[in-house]
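1. fold the following.
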Amino acid sequence: MSEDNNKRTTGSEVDLEDMVASSDSGARKPAGTPGKLLVSIAAAWSLFQLWIASPLPFMLGFGVFNATESRSIHLAFALFLAYMAYPALKRSPRDRIPVQDWVLAAAAAFCGAYMFMFYEQLAQRPGAPILQDVIIGVAGILLLLEATRRALGPPLAIIASIFIFYSLAGPYMPGILSHRGVSLFGLVNHQWLTTQGVFGIALGVSTSFVFLFVLFGALLDKAGAGNYFIKVAFSLLGHYKGGPAKAAVVASGMTGLISGSSIANVVTTGTFTVPMMKRVGFSAEKAGAVEVSSSVNGQIMPPVMGAAAFLMVEYVGISYVEVIKHAFLPALISYIALIYIVHLEALKAGLQGLESSNPAKPLVRKVIGFLGGLLLMMITALVVYYGLGWLKPVLGGATPWVVAVGLAAIYVGLLKVASNYPELELDDPDTPIYTLPQTRPTVMVGLQFILPVIVLIWCLMVERLSPGLSAFWATVFMVFIILTQRPIMAIFRGHSDMATDLREGALDLWNGLVTGARNMIGIGIATATAGIIVGAVSQTGVGLVLADVVEILSMGNLMLILIFTAVLSLILGMGLPTTANYIVVSALLAPVIVQLGEQNGLLVPLIAVHLFVFYFGIMADVTPPVGLASFAAAAVSGGDPIRTGFQAFYYSLRTAALPFLFIFNTDLLLIDVSLLQGVVIFVVSTIAMLIFAAATQGFMIARNHWYESIVLLLVAFTLFRPGFWMDMIHDPYQSVPPSQFVEALGNVDEESTLRLQILGEGDFGDPLTTYMQLPVPEGETGEERLENLGLELVIEDERAVVDMVAYGSQAADLGFDFDQEIIEVLAPVDRWTKELMWIPAFLVFGLIVVMQRRRRDRTAAAATA
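-> Numbers count the residues shown, from 1 in each chain. Have a look, this model is predicted:
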């Protein structure tokens, strides 16, 4: 019987490995020389990416590649490895590489590297491809589509093919879909020989940023950080009610630093967390659903978010630090709410945690210990920040060396501390665990893994280096840790075998380089293929057509367009990876949402729209019937994958609600808010999300009555959007006749804004009405402010028409144009602050708490009677 169980366990492990490999790194593992060649080329790709990210090429004057050349080499590696690592069909061999795949891999790599190899010749004939260029371009596009089918499945390849067909068949398309069409030469030139298509922004971000972050995560995992994060989460939370599930949420959040893949995250943490969740009473489906919900959210958790977050840097035109700032609050609120959902599930079912091996401490000592640790962290952060701020002007160019030495000293000190505690062992997920590891030894033994993350955050936030360079320095430090942590730890423990320890560290480094590259194959291919879609949109103008179609379908209603976008993201996400899904939907619909918002009086920041698309692209990994993360979790838990998917979607309703909330209330994204406002928004929004979770789960202190759930939803909505009710009570703006625009400009405070309704022309010369937010410029009078704005108006018969817009002025940046008419001026008025609506909301919430407490107490009294 035990042999049957062992076979079944081994089979399930093989299935899981195949699932992760087929979706992330390629299912083929050839033996012998082909296998060595495969891993060697993967490692060479990682080394190439480290080389172009480092300052060495510029210092040595050798191996300097421009952006186009780097993208070309990057794609050549991705294409070659795609044909080597991904079998053509399910029945294709996994243990060897057929001859035809060698041929296709070499041809695809040549086509990918064509821009690099013939860069100078192509630069001399821009926009005039010769027959050789066209042949290579056509072959390259076809080979890229086949590599996409192998690595990512048919959907993305089919969608890209449709856009290519649309580009060529424009004159034959019906109605508004028709366009003048492009020739084969024009198509190849745009898609393969310029940076408008395949070699566009998406592939550039994959080359410059994404690879290094994926490599950083792979090295962190190989060093042992993944196991460390899981153990720490369990030692801290495993003894609470439903503790293994809470630990799964925290572990998945931390593992999001390592893996940008939902499926890999599920399998990495799920093999440990899911059996333990089942052990304390969770059903197979609920255990899998908790793991899916927490793992998928790993992609939205800063500072290391999914690949799509790096694309936002280019598409939105803001720094990665700004992306992190805007994304941080919703991600943190979402994770806190998921921990609360798990807590509610444990309360409903009367579940307990695992037995803790930590010595019991009174609550006061726990609180004092926590606050002491928090205070120590804050003091350390202040000392580091202001200490280095003082060192930089004193030491000048020597500062990096001094900081490096200091960092190395801290690293060695942490290893000395870690050597006093036993090493963390890799647990067998099939072996029952009845007691949890002690917190202090578990935390202390791996503190060195936090240092590379600190380096990454420091470079991003304080030094303000580019994401690529920040990831490079963090990766360099990670390489140093992998090579040195074993021998140094062995010396401190008094049983050093230097040669063996160095060999094992070098092997870990090699495996990390290979794993990082293999994890990047799918992302590299996805960004290149998505470039075809973006290129077709820019070449044919289909984006403008789509805007008209969407506006007709939504009847100009912004909420309908948002729902339409969310559904489209979920549908596309059934077959596309998150990155490709984000590129396609943001390229097609993000400008439409912004434009419709302007026409409806809601001025939506571009970052809010892109985060909206990003969130729903991630949600597609959860949503049945094709949510791959749910299938992976079901394979671990032994539950039904469809039921797991529906349960995970139910748990993820909070993640689906957040994008709609921050579109209408951009305070959640910390846009134009002070530090104090940010803290208040975080606290109130977290409470609101916990109330939302209680409403959707049907349980808070006791099981909800149906009307209590409805009231709780209204309370949560009020806390999230207090302005909705306050606008009904008191309009925030008063209408001013357009002819009095200059007077209104002079009467308002400099820190405030005016809202203007503008009548102008659309892209095809048709009348178009939009709203505009006008920050009030400096000046003592309205006339002076108008001049500083760079705007001249003609006022006649109560009309205000734009007569002149100064070049490079604030007015030009805002979008003012000649002959536009200002048809409405809305000036801000003094009114009660919208946050006053929180008071009745909290009072109603308090009433429900009292009602549920009484009901719970009555039930408990009846049970004991």
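2. and the helices in the stretch 751-865 of the chain?
-> 782-789, 810-814, 838-864 (DSSP state H, counting those that start in this stretch).
3. residue 253: which of these is closest?
-> helix 838-864 (27.2 Å; CB to CB). Bear in mind the C-beta positions are built from the backbone N, C-alpha and C, glycine included.
4. what helices and strands are in contact with the closest one?
-> Helix 838-864 sits against helix 706-720, with contacts defined as 3 or more CB pairs under 8 Å, 6 or more residues apart in numbering; DSSP states H and E.
5. returning to what we had before: nearest approach to residue 65 belongs to which of the helices of the stretch 751-865 of the chain?
-> helix 810-814 (34.3 Å).
6. what residues does the closest one touch?
-> 772, 774-775, 777, 788-791, 805-806 (CB atoms under 8 Å, 6 or more residues apart in numbering).
7. so how do I select the buried members of those in PyMOL?
-> Entered in PyMOL, the line below selects the buried ones among those, by 16 or more other CB atoms under 10 Å:
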select buried, resi 772+774+777+788+789+790+791+805
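8. and which of the contacts of helix 810-814 is nearest residue 732?
-> Looking across the contacts of helix 810-814 and measuring by CB to CB, the closest to residue 732 is residue 774, at 14.9 Å.
9. the closest one contacts residue 754, doesn't it?
-> Yes: assessed by CB atoms under 8 Å, residue 774 is found in contact with residue 754 at 4.4 Å.
10. pull the distance from the lengthiest helix in the chain to the chain's centre.
-> Longest among the helix segments of the chain by residue count, using DSSP state H, is helix 498-540. The chain centre lies 17 Å from the centre of helix 498-540; the measure is CA atoms, centre = their mean, to the nearest Å.
11. ok, back up a step: figure out which of the helices of the stretch 751-865 of the chain is closest to residue 468.
-> Nearest of those (CB to CB): helix 810-814, 28.5 Å.
12. may I have the closest one as CSV, with CA atoms only?
-> Only the C-alpha atoms of helix 810-814 are listed here, as CSV (Å, rounded to 0.1, in the frame of the first residue of the first chain):
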residue,chain,number,x,y,z
GLN,A,810,1.5,75.3,-19.8
ALA,A,811,-1.6,75.8,-22.0
ALA,A,812,0.0,73.8,-24.8
ASP,A,813,0.9,71.0,-22.5
LEU,A,814,-2.6,70.9,-21.2
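13. from what I can see residue 663 touches residue 604, true?
-> Yes: counting by CB under 8 Å, residue 663 does reach residue 604; the two are 5.9 Å apart.
14. is residue 197 in a helix, a strand, or coil?
-> coil (DSSP: H, G, I helix; E, B strand; the rest coil).
15. residues in contact with stretch 731-750?
-> Applying CB under 8 Å, 6+ apart, the contact partners of stretch 731-750 are 723, 726, 754-756, 776-779, 781-783, 785-786, 793, 795, 798-800, 821-829, 831.
16. columns mean pLDDT and distance to residue 407 on top of the helices of the stretch 751-865 of the chain, output as JSON lines?
-> What follows is the helices of the stretch 751-865 of the chain, written out as JSON lines (pLDDT from 0 to 100; distance: least, CB to CB, whole Å):
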{"stretch": "helix 782-789", "mean pLDDT": "82", "distance to residue 407": "48"}
{"stretch": "helix 810-814", "mean pLDDT": "80", "distance to residue 407": "42"}
{"stretch": "helix 838-864", "mean pLDDT": "88", "distance to residue 407": "44"}
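17. closest to residue 638 out of the ones you listed?
-> That would be helix 838-864 among the helices of the stretch 751-865 of the chain, by CB to CB, at 33.9 Å.
18. any idea which helix or strand in this structure has the lowest mean pLDDT?
-> helix 2-20 (a mean of 45; mean pLDDT, DSSP states H and E).
19. against residue 599, how distant is residue 225?
-> Taking CB to CB, to the nearest Å as the measure, residue 225 falls 49 Å from residue 599.
20. which of the two has more residues huddled nearby?
-> residue 225 (24 against 16; other CB atoms under 10 Å).
21. check what pLDDT that one gets.
-> Turning to residue 225, the model gives it a pLDDT of 81.
22. and residue 431, by the same measure?
-> Reading off the model, residue 431 has pLDDT 56.
23. number the residues from 50 up from this point.
-> Sure thing, new numbering starts at 50, so read that last one as residue 480.
24. what's in contact with the helix or strand containing residue 198?
-> According to DSSP states H and E, residue 198 maps onto helix 180-201. Under the criterion CB under 8 Å, 6+ apart, residues 75, 127-128, 131-132, 135-137, 153, 156-157, 159-161, 163, 171, 178, 205-206, 209-210, 213, 233-234, 237-238, 240-242, 247, 570-571, 574-575, 577-578, 581, 625-626, 629 lie in contact with helix 180-201.
25. in the stretch 250-399 of the chain, which spans are helices?
-> Under DSSP H, counting those that start in this stretch, the stretch 250-399 of the chain gives helices at 250-254, 260-271, 274-286, 292-304, 311-328, 333-345, 356-361, 369-398.
26. turn those into a markdown table, including distance to residue 742.
-> Below are the helices of the stretch 250-399 of the chain laid out as a markdown table (distance: least, CB to CB, whole Å):
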| stretch | distance to residue 742 |
| --- | --- |
| helix 250-254 | 34 |
| helix 260-271 | 29 |
| helix 274-286 | 18 |
| helix 292-304 | 13 |
| helix 311-328 | 18 |
| helix 333-345 | 11 |
| helix 356-361 | 25 |
| helix 369-398 | 5 |
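27. closest to residue 538 out of those helices?
-> helix 274-286 (13.5 Å).
28. what's the angle between the closest one and helix 260-271?
-> On the basis of axes from the mean of the first three to the mean of the last three CA atoms, to 10 degrees, helix 274-286 is oriented at 60 degrees to helix 260-271.
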